[in-house]
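1. Return a 3D structure for these sequence lines:
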Amino acid sequence: MKIVNQIALVLVIIGALNWGLVGLFNVDLVAALFGTMSVLSRTIYVLVGLSAILATVNCFKSGAGCCK
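-> Residues are numbered from 1 along each chain as shown. Down below sits the predicted model:
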């Protein structure tokens, strides 16, 4: 399960960086690399969203410093 959490963290970071680029420069890197709303880009968006949910659940479940 540790590897799943690490992958989730990487995907959350990728998603956060992508949103930062969208906010600062109006550049969606995922769409630029894989096509606007292509199957691959939609899959990446879904995986980033699911990773954020998993990271949030793990944060509250573990009582880690991120939720205190």
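
2. okay, CA-based contacts and neighbour counts for the rest of this
-> OK.

3. Run a quick neighbour tally on Ala52.
-> 19 (other Cα atoms under 10 Å).

4. Please report how far the nearest residue to it once chain neighbours are set aside lies from Asn18.
-> What sits nearest to Ala52 in space, not counting adjacent residues and going by Cα to Cα, 6 or more residues apart in numbering, is Val12, at 5.7 Å. Per Cα to Cα, to the nearest Å, Val12 is found 10 Å from Asn18.

5. just to revisit the earlier point, so the residue nearest to Ala52 is in which element?
-> helix 2-25 (DSSP states H and E).

6. Show me what counts as buried in the following helix or strand past that helix.
-> For helix 2-25, the succeeding helix or strand toward the C-terminus, using DSSP H and E, is helix 29-34. For helix 29-34, burial by neighbour count (16 or more other Cα atoms under 10 Å) applies to 29-31.

7. now do stretch 12-26
-> 12, 14-15, 18-19.

8. before we move on, what about stretch 53-60?
-> 54-55.

9. Only alpha carbons, please: show it as PDB.
-> What follows is stretch 53-60, C-alpha atoms only, in PDB (Å, rounded to 0.1, in the frame of the first residue of the first chain):
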ATOM      1  CA  ILE A  53      -9.100  11.900  -2.400                       C
ATOM      2  CA  LEU A  54      -6.700   9.100  -1.300                       C
ATOM      3  CA  ALA A  55      -4.200  11.600   0.100                       C
ATOM      4  CA  THR A  56      -6.900  13.400   2.100                       C
ATOM      5  CA  VAL A  57      -8.200  10.200   3.500                       C
ATOM      6  CA  ASN A  58      -4.700   9.000   4.500                       C
ATOM      7  CA  CYS A  59      -4.000  12.400   6.100                       C
ATOM      8  CA  PHE A  60      -7.000  12.200   8.400                       C
END
